[in-house]
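K.L.:
no FASTA, just this:
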């Protein structure tokens, strides 16, 4: 197993280009060999995006691409963490079809990057927000904010999405931290509220983060 550790082998928000070579001298390739890629960001609930994975194999000789007698062709995918039933950014094919967005030769990847209702959010973002990508009046929305003993943010929520209040004390540094006691948690299905103490390092700048459960 080969692994790269955040903070040791790479930093978050950076693109990483690494290669793994498995030599036949150290591993006996079976005829039904399978290669699996796993990403785990559970310790900080961050997002992981994998792009441009290529698998090649050779037993020697010009143009040879085989292992254990089975042909391995060059594989390139934009997001292999997503199953074949999802577009590149993670939007389910069935959801895109259900919204009537796959027509006239439009691909799934094109559909999720489009903005058919002309609001400020792409279709992929509206899927994450659990809103209607064909309705300009339906989008992830912060309905209000107030500053008293606590910073309070109000927003339209869905019971099928997870909400987290994140804050920063410096927009130049652009470091965002989860506000203690303000998620992640499921929405209530209507106008919802998250609160922060407005104390560094969590304020005075805030964002609402929306994730799938």
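P.N.:
Structure's in. What do you need? Note that this is a predicted model, so its numbers are computed, not measured.

K.L.:
which of the residues in stretch 143-163 are buried?
P.N.:
Along stretch 143-163, these residues count as buried under the neighbour rule (16 or more other CB atoms under 10 Å): 150-158, 161-163. For the C-beta atoms, the positions are set from N, CA and C on the backbone; glycine is no exception.

K.L.:
no wait, stretch 175-188
P.N.:
Buried, per 16+ other CB under 10 Å, within stretch 175-188: 176, 178-179, 182-183, 187.

K.L.:
can you give me the mean pLDDT across it?
P.N.:
Taken as a whole, stretch 175-188 has a mean pLDDT of 91.

K.L.:
Quick check: end-to-end length of it?
P.N.:
Distance across stretch 175-188, first residue to last, is 28 Å (CA to CA, to the nearest Å).

K.L.:
What is the most widely separated pair among the buried residues of stretch 143-163?
P.N.:
Maximum pairwise distance among those (CB to CB): 23.7 Å, between 150 and 158.

K.L.:
before we move on, the earlier item: pick the one among the buried residues of stretch 175-188 closest to residue 105.
P.N.:
For the buried residues of stretch 175-188, the nearest to residue 105 is residue 187 (35.9 Å; CB to CB).

K.L.:
Now do the contacts for that closest one.
P.N.:
By CB atoms under 8 Å, 6 or more residues apart in numbering, the residues touching residue 187 are 157-163.

K.L.:
Give me the phi and psi for it.
P.N.:
The phi and psi torsions at residue 187 (degrees, to the nearest 10) take the values phi -70, psi 170.

K.L.:
Just put the buried residues of stretch 175-188 in TSV and tack on distance to residue 88 and secondary structure.
P.N.:
Shown next, in TSV, are the buried residues of stretch 175-188 (distance: CB to CB, whole Å; DSSP: H, G, I helix; E, B strand; the rest coil):
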residue	distance to residue 88	secondary structure
176	25	coil
178	27	strand
179	31	coil
182	31	coil
183	27	coil
187	26	coil
